[in-house]
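Asks: Sequence first, then the predicted structure, then my questions.
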Amino acid sequence: MISYKGGSFQKIASQGGETRNVLKSRNHQDSDKSANRQKEYTEIMMQGVAPQNRHVTSVAQEFLSVHWDRRKPLLLGYSGGPDSKALLYALLECNVTPHLVHVDHGWREESRKETLELQEEARKLGCPFFSTRLENARKEDEAREGRYAFFVTFFPKYASLLLAHTLEDLAETVLKRILEGAHLCNLGGMQPVSKQNGMAIWRPFLRVKKRDLFEFLQERGLPALNDPTNADPAFLRARMRKEIFPLINQWFGKEIYQNLALLSERSYELKKYLDSRISSVPEYKGPWGAIFELKGLGLLEIRHFLLKLAKAHSIVFTRPVLNTLIHWVLSQETSKHLVVKNKKIYIDNQRTWVCTAI
């Protein structure tokens, strides 16, 4: 097991005093025994499962056939909850043996016992199992940061990190960004295929509803862990899931998940288009660094370019600051500048550059 403290991971002794390196696969049994266990599992689980109820497995199979070349193993983020458990057993039905990585957020004392239960489950299935417990994650964002910091330590050994986010998870992200006032290009939520810190992330179930996964587990008699923090109203995601979405669906008279997922796609399409439009912005070398010529760009393109420029310099523009800069560009103002933190952003006759403020 690996302990995460203060932004770094430390190895600690697992049961029996053995210290494990997370970058080395752990052999529970030899590969032949592992294959036999999985074959036996598949035969038992699929008894009585009608072909029309194998939709979840088919989704996983189709996704892997497009994206996976089988040259490297797959790493599955495994909480033991309904979503990740459904993805694990769908992979097994596809004759795929994922390696499992589990993150205990450290919010509940009983989660230590649950980690051991998941470790034993992985042993029986022949899936290598790695885990960590976060010591200082008190908020959702901190927990997410801790999870991904642990995940990235496994790469580039694996082809990708598989996550079991669903249609509802995607919709929640999009609605949250709408209500936060995100820019149109930033409304998009999670994508089926993405990359983060050099780590490929795949989400095969991003268009699958949670109830389909529940049915998948029920048909196969597979119990999942129930983490009560997922329903704790202290967390925004729980409030959205238990209160906001049911109310909106009721008022609207239909589920809005698909529409929000479609909005996510359109947002990424707009971002891709604007990226192509600003890719040819002329760049010159000046005494303070790169100078960019914004002549010929429209309002949306200027906003998009300035936001990307800010991100490149680790600057966050407030709306008033961004609107002022856009106004200066469109009005062809000269010798204008604003200071944000320790950076000066200059606008001069539809040219812009950034330098360190003295």
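Replies: Cool, got the structure.
Asks: Show me the shaky parts of the stretch 201-350 of the chain.
Replies: Scanning the stretch 201-350 of the chain for pLDDT under 70 picks out the ranges 229-230.
Asks: quick one: the strands in it?
Replies: In the stretch 201-350 of the chain, the strands defined using DSSP state E, counting those that start in this stretch lie at 283-286, 289-293, 336-340, 343-348.
Asks: Between strand 343-348 and the second one, find me the angle.
Replies: Strand 289-293 and strand 343-348 are oriented at 40 degrees to each other (axes from the mean of the first three to the mean of the last three CA atoms, to 10 degrees).
Asks: Would you mind listing the buried residues in strand 289-293?
Replies: 291, 292 (16 or more other CB atoms under 10 Å). In this view, the C-beta of every residue, glycine as well, is placed from N, C-alpha and C.
Asks: again with the longest one
Replies: Using 16+ other CB under 10 Å as the burial criterion, the residues of strand 343-348 that qualify are 345, 346, 347, 348.
Asks: nearest residue to the last one other than its sequence neighbours?
Replies: For residue 348, the nearest residue in space outside its immediate sequence neighbours is residue 334; the separation is 5.3 Å by CB to CB, 6 or more residues apart in numbering.
Asks: Can you get me a residue count around that neighbour?
Replies: Neighbour count of residue 334, defined by other CB atoms under 10 Å: 11.
Asks: from now on call the first residue 14
Replies: With 14 as the first residue, the last one maps to residue 347.
Asks: Next, it: phi, psi?
Replies: Backbone torsions of residue 347, given as degrees, to the nearest 10, read phi -120, psi 150.
Asks: Reformat the strands of the stretch 214-363 of the chain as TSV; add distance to residue 264.
Replies: Converted to TSV, the strands of the stretch 214-363 of the chain look like this (distance: least, CB to CB, whole Å):
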stretch	distance to residue 264
strand 296-299	49
strand 302-306	46
strand 349-353	40
strand 356-361	43
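Asks: Turn the buried residues of strand 356-361 into JSON lines, columns for distance to residue 305.
Replies: Listed next are the buried residues of strand 356-361 as JSON lines, based on distance: CB to CB, whole Å:
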{"residue": "358", "distance to residue 305": "11"}
{"residue": "359", "distance to residue 305": "10"}
{"residue": "360", "distance to residue 305": "11"}
{"residue": "361", "distance to residue 305": "11"}
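Asks: Give the burial count for the nearest residue to residue 82 once chain neighbours are set aside, as a bare number.
Replies: Leaving out its chain neighbours, the residue that sits closest to residue 82 by CB to CB, 6+ apart is residue 172, at 7.4 Å. Residues lying near residue 172 (other CB under 10 Å) number 19.
Asks: hang on, the earlier thing: which pair of the buried residues of strand 356-361 spans the longest distance?
Replies: 358 and 361 (11.0 Å; CB to CB).
Asks: how does this protein divide into domains?
Replies: The chain breaks down into these domains under automatic domain parsing: 15-265, 294-369.
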